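A.B. asks: I would like to see how this sequence folds:
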Amino acid sequence: MKRIIVGTAGHIDHGKTSLVKALTGVDADRLKEEKERGITIDIGFADLTVGDVHLGFVDVPGHERFVKNMLAGAHGIDLVILVVAADESVMPQTREHFDICRLLEVKSGLVVITKADLVDEELLQLVEAEVADFVAGSFLEGAPVLRVSSRTGAGIDELKKTLNRLAVKAQERDENATARLPIDRAFTIKGFGTVVTGTLIAGRIRAGDELEILPPISSSPGARRARGLQVHGKSTQEALAGERVAVNLQGIDLAEVERGQTLAPAGRLRASSMLDARLQLLKSAPRSLRARSRVRLHIGAAEVLARVLLLGPLGQTELAPGASCFAQLRLETPTLALPGDHFIVRAYSPVVTIGGGVVIDAAPHKHRLREAAQAAVWLEKLEAADEVERIALLVEMAGERGMDQDEIAARSGSSDEVIKRAADAITKARRAMTTSQNPKTGLTPLVARPAFEELAGRVRATLKEFHRKSPLESGMGREEIREKIFAHLSPDIFRAVIGNLVERNEVVAEKDLLRLSSHRVALSAEEQAAKDRMAALFAEAGLQPMTLEEAVARAAAQTGVDAARAQRFAQMLINSGELIRVAGLVFHRGALDGLRETLRKFKAEHGSKLDVNAFKDLTGVSRKYAIPLLEYLDLQRVTRRSGDVREIL
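C.D. replies: Numbers count the residues shown, from 1 in each chain. All right, here's what the predicted structure looks like:
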């Protein structure tokens, strides 16, 4: 069954609540004060099934003092009933409510002329003509205009049929998107706990889902389990986009919930204190909007105070009535929003609706005034982008930091399926590089290709400078390069850049060293002789080598090279693996290879067990060398220690 949310709009006492009751049988005025005063103060709800369409009604207050309450319910409507009383025609709140519907880009609706039984035909025709002029050029131009009397029931059946026809044509909300429920009510039920209600504007919620409320009020936000769900008072296991939903949350106090927060899947989305948007000022706005003005921002069910930074041409200081531009909204309290969300702006004082717009970037960086023109160019690209292109642009905006799946999801609101499709498309187009893979989702963090190549270029330049200064060194340590270039970035990005350079044969990785593939250590005959002598000294020493300092001094004396160069030759031999450090000692690789062969023969002749004394007898070394060698063999999995005995593996 298709699910559509229908909202009422119109001036106070034009019969919106009575109309909803005539359609559904439900009195949407639930507050005692509303019944006593005879006016709607807060939003109310009802529902009706017509054919194969389920209509959820949001009845809004018409008094100018309660427009903020009207806005808390208007965000989720799919089509609007603009209510105009036959005995008063178009009035101030008719205009403000209709301005709000246009700014929220409601796509469909109709006009209902109520109290048709109170006036004659001539006046009805006059009201219809005024209404036609009023909606000309809007989404309601050419929409049905029906005469109705809620008191007598005249026109109600025709209204139901018309609503059904419009609902069938209305675009359904995306049930596969990330679930979002802007909270417009919260209360407790004895024995059940806290219940929140709202219009599910996207996705689906199932009983048992782990959810969180954003932004959190308490200092320790976290996942809350949905213990139970109701849709229009009926229990269900699943609520879908386009339905009015009540969610019973486990483990949360009523004090932690208020109107304006949003219920969403735990860990999926993030609240923000800044929004980049397209801002439209109404032609009827009383004055221009000056840069850095304080305004009341209504988005979802929330009302927050914000400052407006205009992102027009350099030096733009105000936005004229009827004009639009890009703007950054700096919120005094965080709220949850996503690209494509519509909002309303009301003046701080006097409190009147002056404009609205649509969110383009829900988590931008703070723009400086001199960056305004550049930011506007970027936002123009984002505004025109489809969902996949938007993700590509966000990755490019992230630069060398890249973006992982969680950040892309929080920034775009896109599903995992869309994120994966976007990642595949932009890597195939060589616009971005992957860094690693998430074993759970198969999705990879992305770095824009220009930023990736910039990092690769810095690695090449760093190695080139290192080779220039240290031509006799085999290469530069991995960790030194990571600290110098990648310290502020994810280790995944470091590994990806180095791996890519190795794959392109631009860099050679040798154990813990990196060098340019073009780099070769060029030694003179004298230097080569000194290096060979150094290796020979350790080879001759076997399993009882001299210290590295002694070997350096002896090689320098025997070959005539200075001690500093002899030290570098020793390091080159260690880097190449010809010499191996073992617990502060240095052995020739041939000696250790010979030791392995000796142990193999011992095992074949005497069995796999030997202790320290047997090892000393076998190798002819003192305890000074035996213990470090045995510990090295343990690490190399040649032997395994069990108490005071080793087992040859």
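A.B. asks: number of nearby residues for residue 454?
C.D. replies: 14 (other C-beta atoms under 10 Å). In this view, the C-beta of every residue, glycine as well, is placed from N, C-alpha and C.
A.B. asks: same check, this time on residue 104
C.D. replies: Residue 104 has 22 neighbouring residues, counting by other C-beta under 10 Å.
A.B. asks: So it sits against residue 344, correct?
C.D. replies: Yes - Residue 104 is within contact range of residue 344, at 7.0 Å (criterion: C-beta atoms under 8 Å).
A.B. asks: Overlap in contacts, those two.
C.D. replies: Shared contacts of residue 104 and residue 344, defined by C-beta atoms under 8 Å, 6 or more residues apart in numbering, comprise residue 356.
A.B. asks: Next one: residue 87 from residue 37, what distance?
C.D. replies: Applying C-beta to C-beta, to the nearest Å, the value for residue 87 to residue 37 is 21 Å.
A.B. asks: Next: residue 287.
C.D. replies: From residue 287 to residue 37 the distance is 34 Å (C-beta to C-beta).
A.B. asks: Repeat that for residue 59.
C.D. replies: Distance, residue 59 to residue 37, by C-beta to C-beta: 16 Å.
A.B. asks: and residue 381, that one's in a strand?
C.D. replies: No - counting by DSSP: H, G, I helix; E, B strand; the rest coil, residue 381 is not found in a strand; it is helix.
A.B. asks: That one: neighbouring residues, count only.
C.D. replies: So residue 381, with other C-beta under 10 Å, has 14 neighbours.
A.B. asks: mind listing what it touches?
C.D. replies: residue 393.
A.B. asks: pLDDT wise, what is it at?
C.D. replies: Among the per-residue scores, residue 381 holds a pLDDT of 94.
A.B. asks: how about the helices in the stretch 51-200 of the chain?
C.D. replies: For the stretch 51-200 of the chain, helices defined by DSSP state H, counting those that start in this stretch occupy the ranges 67-74, 92-103, 121-135, 156-169.
A.B. asks: residue ranges with poor pLDDT in the chain?
C.D. replies: Residues of the chain that meet the criterion pLDDT under 70 lie in 36, 218-221, 313-315, 437-444, 521-522, 560.
A.B. asks: Find the centremost residue of it, please.
C.D. replies: For the chain, the residue lying nearest the average C-alpha position, counting by C-alpha atoms, centre = their mean, turns out to be residue 410 (1.9 Å).
A.B. asks: if I look at it, how far off is residue 338?
C.D. replies: According to C-beta to C-beta, residue 410 stands 9 Å off from residue 338.
A.B. asks: Select the longest helix from the protein.
C.D. replies: helix 449-469 (DSSP state H).
A.B. asks: Flag every buried residue along it.
C.D. replies: 449, 451, 452, 455, 456, 458, 459, 462, 463, 466, 467 (16 or more other C-beta atoms under 10 Å).
A.B. asks: do the same with stretch 485-505
C.D. replies: 485, 486, 489, 490, 492, 493, 494, 496, 497, 498, 500, 501.
A.B. asks: What residues of the longest strand seen in the chain count as buried?
C.D. replies: Secondary structure assigned by DSSP state E gives strand 324-335 as the longest strand of the chain. Of all the residues in strand 324-335, those buried under the rule 16+ other C-beta under 10 Å are 325, 326, 327, 328, 329, 330, 331, 334, 335.
A.B. asks: Identify the residues contacting the closest residue to the third one other than its chain neighbours.
C.D. replies: Translated: residue 327. Nearest non-adjacent residue to residue 327, counting by C-beta to C-beta, 6 or more residues apart in numbering: residue 279, 4.2 Å away. Taking C-beta under 8 Å, 6+ apart, we find residue 279 in contact with 308, 310, 319, 324, 325, 326, 327, 329, 345, 355, 356, 357.
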